[in-house]
Structure formats: structure tokens, C-alpha cells
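Enquirer: kindly return the folded structure for what I paste below:
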Amino acid sequence: MTKPETPSSNILVAAAWMVGVISSFSAMAIAGRSARTELDTFEVMLYRSLIGVVIVLLVAASTRQTSQIRPNRLGLHFLRNLSHFIGQNLWFFALPLIPLAKLIALEFSTPVWVLFLAALFLGEVLTRQRILVAVIGFVGVLVVANPEVGSLDAGTIAAALAALGFAGSAVMTKRLTRTEPILSIMFWLTVFQAGMGALMVLYDGQITLPSPALWGPVALVGLTGLSAHFCLTKALSLAPSVVVMPMDFLRLPTMTILGVLLYQESLEVSVVIGAALILGANAINLRKS
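Expert: Residues are numbered from 1 along each chain as shown. Sure thing, here's the model as predicted:
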């Protein structure tokens, strides 16, 4: 039996939510860069999740929707957050080991992994057009990043597995949206991530409190981290993950522009060409999915 097509209006609304995802992740990257001057990765993730727990509970209480937070499918919630937590930390592990361009290129292979994982575990249709979109977008990422060709080392393996971790998280999020309220998904996201972060922070018996000047960036990391996942969950509830995730390619040219404006990073011709490919792939995706 053929599955019904996703309405065009749903895809457009999902695209609008993905704008929120890209904006949130971009703001989080800027705030996180400030936070990392004093805190290690696990500490940033811990504070982000704790702030997220408070925000989710405040929203639930103020909107009288606490009943939507329920202990259903905790196993899938745990696996989803474990996949994301591992992926995020593998990304930071690879960061000092391989060139940044190579790391970015491997990270943005996530939508390609999503294509095949969604077909295997969600029953989503893997059409020629969707494969073409992923290929064009990924080629655009490679052109922008211009990754070096080298041997298969620990950093390369970690970065590749990080992309797989992010893809697994996205696919499991899509599966959760079939039965669970978004507020419940956000609650368990923050709780599980806070618990995992606390375990890793306390592993060495040391924890650093942010200085007064750093609480602003730390709070922004917590707020935008939550809003990014909220927007992504909304997008995945409206359209197939194979449609939604390639839109995340737009985060790379967005961050490139922010790098030029805020940190005086150079803008190369390859960035312009690659960004054009990424935009073209997403235009095809929005018009024909």
C-alpha cells in the first residue's frame, strides 16, 4: 500500500521550523564559544540541560500542560538521547585531531545517514529525487569545506561516527513524534542529557561554576539548545525526516557568514559555489517532496 504524500503546506511549515533550528544552533555556537573560555564540554552540556529542564517545567506549568509529560517509551527516549550525547562528544573529541574543514564535512553527512536509517527503521520512501537532493547537498558541503584527503585516523573515525550518532538521534526523534507530545520529548531530552552530563562532569571529581560575566552566554546556550531541538521536533512531526534533515545543510553557509561578520574569517570562492549547491538542493527538496 502506497503511503500518502506529505501536503505541500506541511513541508513549508516544516521549512519554517528548520529556520528556527538553524538560527538557534547558530546563536548557540556563538554563545558556546564564549562559554568554552572557562568551561569544558561536559560542563557546558550539563548547564545547558539543567537550564532546559527549568524552562520546560515553567512552560508546562504556565500552559497547564504538565499532563503531557509522561513516562512513556522511556527506552526510546534514552536511546535517542544517548545517540545524540555520544555523537556530540565524539565531535568534540575529533575537533583537535583533524582539520576543521574535514570535521565539518563529515558532520554534515548526517542527512545522508538519515536517508537510509529512515528507510530502514521508519519505512520512509527512498526516492531517486530524495537521493539526488542529499547527494547535491553533500557535494555542496564538500565544496565549501574542501576537506583534505588523508589517512583513516582516530579523529576521522570519531567524526564519521558522530554524524551517525546525530542521524540516529534524528530518526528516533521522528519515531517518538508519532506517539509522544513534543513537550514530553523536550522534558526527557533535558533530563537524560543532564544526567549523562552530570555523570561525565563528576567522573574526575571536579566541576567549574561559570563566572558572573559568563552566566549570560551559558543561559543563552541553554535556551537556544532547547529551542533548536523543539523546532527540529516540530519539523519532524510535520514532514518525513528525509525531507527535513537536508534543510540542515543551510547551517553551514549560515555559520560561514557569521564567521566572516563576527570573527573576520575569510570568505572563499569555494564557499560561494558550495552554498549555491546547498541552496539549490533545498529548493528542489521543498518544491518536489
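Enquirer: C-alpha from now on. contacts and neighbour counts both.
Expert: OK.
Enquirer: helices of the stretch 101-250 of the chain, start to end?
Expert: In the stretch 101-250 of the chain, the helices defined using DSSP state H, counting those that start in this stretch lie at 110-121, 128-145, 154-176, 182-201, 215-238, 241-244.
Enquirer: and the fifth one, how far out from the chain middle?
Expert: So that's helix 215-238. Taking the mean of its C-alpha atoms, helix 215-238 sits 10 Å from the chain's own mean (Cα atoms, centre = their mean, to the nearest Å).
Enquirer: got the confidence number for the nearest residue to A276 once chain neighbours are set aside?
Expert: Leaving out its chain neighbours, the residue that sits closest to A276 by Cα to Cα, 6 or more residues apart in numbering is G140, at 7.5 Å. Looking at G140, its pLDDT stands at 79.
Enquirer: to N89, which of the helices of the stretch 101-250 of the chain lies closest?
Expert: helix 154-176 (7.7 Å; Cα to Cα).
Enquirer: what's the mean pLDDT across the closest one?
Expert: Rounded mean pLDDT across helix 154-176 is 84.
Enquirer: does anything pack onto that helix? Which helices or strands?
Expert: helix 74-94, helix 100-107, helix 110-121, helix 215-238, helix 241-244 (3 or more Cα pairs under 8 Å, 6 or more residues apart in numbering; DSSP states H and E).
Enquirer: tell me which residues of it are tucked away?
Expert: Under the neighbour-count criterion of 16 or more other Cα atoms under 10 Å, helix 154-176 has 155-156, 158-176 buried.
Enquirer: how about stretch 47-60?
Expert: So stretch 47-60, judged by 16+ other Cα under 10 Å, has buried residues 47-53, 55-57, 60.
Enquirer: can you lay out those as JSON lines showing secondary structure?
Expert: Listed next are these as JSON lines, based on DSSP: H, G, I helix; E, B strand; the rest coil:
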{"residue": "Y47", "secondary structure": "helix"}
{"residue": "R48", "secondary structure": "helix"}
{"residue": "S49", "secondary structure": "helix"}
{"residue": "L50", "secondary structure": "helix"}
{"residue": "I51", "secondary structure": "helix"}
{"residue": "G52", "secondary structure": "helix"}
{"residue": "V53", "secondary structure": "helix"}
{"residue": "I55", "secondary structure": "helix"}
{"residue": "V56", "secondary structure": "helix"}
{"residue": "L57", "secondary structure": "helix"}
{"residue": "A60", "secondary structure": "helix"}
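Enquirer: can you list the buried residues in stretch 187-200?
Expert: 187-194, 196-198.
Enquirer: repeat that for stretch 104-119.
Expert: Buried-residue list, stretch 104-119, by 16+ other Cα under 10 Å: 104-119.
Enquirer: out of those, who's nearest N282?
Expert: P111 (12.0 Å).
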